[in-house]
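J.: got a sequence here, can you build the structure:
(2 chains)
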Amino acid sequence: NAGVTQTPKFQVLKTGQSMTLQCAQDMNHEYMSWYRQDPGMGLRLIHYSVGAGITDQGEVPNGYNVSRSTTEDFPLRLLSAAPSQTSVYFCASSSYAGTENSPLHFGNGTRLTVT
Amino acid sequence: KNQVEQSPQSLIILEGKNCTLQCNYTVSPFSNLRWYKQDTGRGPVSLTIMTFSENTKSNGRYTATLDADTKQSSLHITASQLSDSASYICVVKMDSSYKLIFGSGTRLLVRP
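T.: Predicted coordinates for the structure are as follows:
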């Protein structure tokens, strides 16, 4: 029962570098999303997808890109890393985007430091 | 502005004791309210989801209440265990939207 798998667990980048955070789920969930968690703040939505080929912006999308070519995978790309992107990133999925009471299933996060 | 506020920010209790965490929200339109438990270094895990018509919902030793009129919720933990040490996050889902509003969490430490 893998659930939502995120890689890597930890990453250190220099300012200006790019990288991709990987997220995969094996529950055939339609809805997938990326959040960042910063100290003292609630999780904030970066991007989300309601199915393969469909993505949309959340509340803090600047500096990040996503794509959804398959149901299982939803990678998050940092285009040119900045120190303000130092955070813990969580990928989450749920069974049906339109179902009001579907719980989100979270991965265990990627801790990113940008120096 | 849509907001979810939790109190206290942190709490220390002795093993075996009960505690109650609070959540106030100003989110509209409202769909449901969720409580998540987040262990250190892990992702949040769903405890309960409550719609406006549900006053109380239990999950083992966790009992959530919801007062949709006053826009308040609480999470009561009974007979606390060391494994209850975690952050507890209150989340409100907006109606007809994928949008979730997260509180900043209450950090609970259960001491032996």
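J.: mind listing what residue 12 touches?
T.: No chain specified, so I'll use chain A. The contact partners of residue A:12, by C-beta atoms under 8 Å, 6 or more residues apart in numbering or on different chains, come to A:112, A:113, A:114, A:115. Every residue, glycine included, has its C-beta placed from N, CA and C.
J.: could you do chain B instead?
T.: Residues B:108, B:109, B:110, B:111 are the ones in contact with residue B:12 under the rule C-beta under 8 Å, 6+ apart.
J.: in a helix, the second one, correct?
T.: No. In this structure, residue B:109 is strand, not part of a helix, as judged by DSSP: H, G, I helix; E, B strand; the rest coil.
J.: so what strands line up beside the helix-or-strand element of chain B with minimal mean pLDDT?
T.: Between all helices and strands in chain B, the lowest mean by mean pLDDT, DSSP states H and E belongs to strand B:100-102, at a mean of 92. Paired neighbours of strand B:100-102 in the sheet (DSSP bridges): strand B:86-94 (antiparallel).
J.: check the offset of the strand it pairs with from the chain's centre.
T.: The gap between where strand B:86-94 is centred and where its chain is centred comes out at 5 Å by C-alpha atoms, centre = their mean, to the nearest Å.
J.: pLDDT weak spots in chain B?
T.: Counting by pLDDT under 70, chain B contains no low-confidence residues.
J.: buried subset of the contacts of residue B:12, written for PyMOL?
T.: The buried residues among the contacts of residue B:12 can be selected in PyMOL (16 or more other C-beta atoms under 10 Å in any protein chain shown) with this line:
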select buried, chain B and resi 108+110
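J.: and the contacts of residue B:12 as a markdown table, adding distance to residue B:12?
T.: A markdown table is the format used below for these (distance: C-beta to C-beta, whole Å):
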| residue | distance to residue B:12 |
| --- | --- |
| B:108 | 8 |
| B:109 | 5 |
| B:110 | 8 |
| B:111 | 6 |
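J.: which parts of chain B sit against chain A?
T.: Counting by C-beta under 8 Å from any C-beta of the partner chain, chain B comes close to chain A at B:4, B:31-32, B:34, B:41-46, B:49, B:51, B:89, B:93, B:95, B:98-105.
J.: now which of those residues would you call buried?
T.: Among those, those classed as buried by 16+ other C-beta under 10 Å are B:4, B:31-32, B:34, B:43-44, B:46, B:49, B:89, B:93, B:98-105.
J.: thanks a lot, see you next time.
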